[in-house]
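[1] attaching a predicted model along with its sequence, questions to come.
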Number of protein chains: 2
Amino acid sequence: MVNTPIASDAREFLASCRAPVDTELDHLIPRETDEPTRVHAAIRWSVFAGGKRFRPALLLAVGQTFGASNAHLIRTACALEMIHTYSLIHDDLPSMDDDELRRGRATCHVKFDEATAILAGDALQALAFQTIAEDENLDAALRIQLISEITRAAGTPHGMVAGQALDLAAESREVTGEELERIHQHKTGALIRAAARCGAMIAGANENELAAITEYATNLGLLFQITDDLLDVTATAADLGKTPGKDARARKATFPSLYGLQASRERVNVVHQRTFETLASVSHPVELLTSIADFIRDRQA
Amino acid sequence: MVNTPIASDAREFLASCRAPVDTELDHLIPRETDEPTRVHAAIRWSVFAGGKRFRPALLLAVGQTFGASNAHLIRTACALEMIHTYSLIHDDLPSMDDDELRRGRATCHVKFDEATAILAGDALQALAFQTIAEDENLDAALRIQLISEITRAAGTPHGMVAGQALDLAAESREVTGEELERIHQHKTGALIRAAARCGAMIAGANENELAAITEYATNLGLLFQITDDLLDVTATAADLGKTPGKDARARKATFPSLYGLQASRERVNVVHQRTFETLASVSHPVELLTSIADFIRDRQA
């Protein structure tokens, strides 16, 4: 992969990330002709399901902003996508969110079976950390930092698993807006923040820059979640590639259900504005990062 | 923990490992009073269920044999126990082996619920790699080696998840003795081998020593599995702390079902003998390691 001058349009940038990320994922994930074939087929079914590769792209965008080359960024980007995909596979299980459709096609346990889906997720988590541990483009000390960052973002008490657990615990009762934000900060925010931070860490960003990026990504994660909730109300299945209106039917707390559509849309603008402010102190060109925030605000899927 | 002269009796050694391993696990695992409380309670329910701590003890035994101190070994030992426990939680799920009793009490999904059990396992896997990544007693380069070793032993195509997938795929058909060994080498063998190898790696064992320990642990893993299969036929629920006879009812291939009791017992002796031979080239005192092999051969639970 050749490093071209950094793009400033998010849509273009996201599209340009897909092929290199997919090529590297294909290289990293066992073939489905290798034993055990069924679990490898299941992993590939879910990893290559047409995902937007948002987390890898965010890592690449932040890393490039601070001057890192894709050769140094790409494997950690893929590791994050593996963690994200494992979480989708497990979240879709009947005992969790019980989803049959994801990214426009059958979820892993529907296409295969529950046991295989659980194992596919488990294997992806191990492979994610293996990928970073064995990335010879990075210093050992940096690899350790990245693994520490991502394990914390993926696990409990401050990561994705904690978020999913908080979400399940909230299903049976009314939650406040504060609680809802807490759930999302863990469930989706932690990994989005880790993506941005890992990009900055690989690029050798200084402490102030890392703090700014952390703030940026925290707001970006929130923006992502509010727009996700809005899309669940307003979009069609064809747009989303998954069943819309599911949150309301599940009586799940969402930003629109707590605050209404109008207030949620205003919230989008406030949070979007904040992503800009957090980048003010960064002396590198931040056009791509602000464009990504625009893209999330305006997304239709 | 003070390093005393290395023990040579396995039973004594295993017993002596339990308290320091449990103390360190208690320190590493989030409190069940911390949010999300249910998933933390589930993790603790399964981790502190009276397990034998065999994998941590094996790591400590090999590490001490090659001169490492417990301070350098203990966290990786705990990480292995986390991986082992996560695999038990997931293997016990209804869609996998559907077990209700483990180590003498309700399995995680029975005590809590399926979703919580899945999340508890997922969190334990992340915490295992976080524990090694953040172990400041070890050089970064060594931590990376350990994480690479354990991710491979835990995942697919050569690790524990692959073994569980091969096992599930074998349930619906007859398997040969060779296939059965292959399943076990992945499902339980890989992590036992990783335990021994990590101990040797932390102690700075040379390549020949590491090769000898790898052979030793491969045979020890096989010994462990054959005796496990035999105990499923011959032991009582009180001895095992789990339901015996389950393999036969599930028409699962086991060493006794393939070769008969007598031949399986002879096999135990052959494999046990091999563990001795593999240690012949090691110039450190190997009495503890041979005593562990004796202990596995003779175990009643």
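    On my side now, so go ahead.
[2] so who does the residue nearest to residue A:291 when sequence neighbours are not counted touch?
    Distances taken as CB to CB, 6 or more residues apart in numbering or on different chains place residue A:10 nearest to residue A:291, at 3.9 Å, with adjacent residues excluded. For every residue, glycine as well, the C-beta is placed using N, CA and C. Neighbour list for residue A:10: A:61, A:288, A:291, A:292, A:294, A:295 [criterion: CB atoms under 8 Å, 6 or more residues apart in numbering or on different chains].
[3] what's around the fifth one, how many residues?
    Same thing as residue A:294. Counted with other CB atoms under 10 Å in any protein chain shown, the neighbours of residue A:294 add up to 15.
[4] what residues sit buried inside the helix ranked longest in chain A?
    Across chain A, the longest stretch assigned as helix under DSSP state H is helix A:207-234. Within helix A:207-234, the residues that qualify as buried are A:209-210, A:212-233, counting by 16 or more other CB atoms under 10 Å in any protein chain shown.
[5] repeat that for stretch A:52-62.
    Neighbour counts over stretch A:52-62 (16+ other CB under 10 Å) mark A:53, A:54, A:55, A:56, A:57, A:58, A:59, A:60, A:61, A:62 as buried.
[6] before we move on, the earlier item: for residue A:61, see how far away the residue nearest to residue A:291 is.
    Distance, residue A:10 to residue A:61, using CB to CB, to the nearest Å: 8 Å.
[7] likewise for residue A:272?
    Taken as CB to CB, the span from residue A:272 to residue A:61 is 16 Å.
[8] pLDDT wise, what is residue A:290 at?
    You'll see residue A:290 listed with a pLDDT of 97.
[9] the nearest residue to it once chain neighbours are set aside: helix or strand, and which one exactly?
    Distances taken as CB to CB, 6+ apart place residue A:276 nearest to residue A:290, at 5.9 Å, with adjacent residues excluded. Here residue A:276 is covered by helix A:261-278, with elements defined by DSSP states H and E.
[10] now do residue A:252
    Per DSSP H and E: nothing holds residue A:252, as it lies in no helix or strand.
[11] now that it has come up, it's in contact with residue A:173, right?
    No. Counting by CB atoms under 8 Å, residue A:252 stays clear of residue A:173, with 11.5 Å between them.
[12] what's the overlap in contacts for residue A:10 and residue A:61?
    A:288, A:292.
[13] can you list the low-confidence ranges for chain A?
    Scanning chain A for pLDDT under 70 picks out A:1-5, A:236-246, A:248-251.
[14] farthest residue from the center of it?
    Within chain A, the residue lying farthest from the chain centre (CA atoms, centre = their mean) is residue A:35, at 29.1 Å.
[15] that residue contacts residue B:162, correct?
    Yes. At 7.4 Å, residue A:35 counts as touching residue B:162 under the criterion of CB under 8 Å.
[16] so which residues of chain A form strands?
    Per DSSP state E, chain A carries strands over the ranges A:101-102, A:105-106.
[17] so what are the sheet partners of the last one and their directions?
    What it means is strand A:105-106. According to DSSP bridges, strand A:105-106 forms sheet pairs with strand A:101-102 (antiparallel).
[18] gap between residue A:118 and residue B:99?
    Applying CB to CB, the value for residue A:118 to residue B:99 is 14 Å.
[19] who has more neighbours, the two?
    Higher neighbour count among residue A:118 and residue B:99: residue A:118, with 28 against 18, using other CB under 10 Å.
[20] from chain B, how far out is the more buried one?
    6 Å (CB to the nearest CB, to the nearest Å).
[21] and stretch A:20-30, how far out from the chain's middle?
    In terms of CA atoms, centre = their mean, to the nearest Å, the centre of stretch A:20-30 is set 17 Å apart from its chain centre.
[22] which residues sit against it?
    A:1, A:40, A:43-44, A:47-48, A:53, A:56-57, A:60, A:70, A:74-75, A:77-78, A:81-82, A:127, A:131, B:156-157.
[23] tell me the most buried of the strands of chain A?
    Of all the strands of chain A, strand A:101-102 has the most neighbours on average by mean count of other CB atoms under 10 Å in any protein chain shown, namely a mean of 20.
[24] for that one, the distance to its chain's centre please.
    The gap between where strand A:101-102 is centred and where its chain is centred comes out at 17 Å by CA atoms, centre = their mean.
[25] just stretch A:59-78 next, same as before
    Counting by CA atoms, centre = their mean, stretch A:59-78 comes out at 15 Å from the chain centroid.
[26] do the same with stretch A:261-268
    Mean-position distance between stretch A:261-268 and its chain equals 22 Å (CA atoms, centre = their mean).
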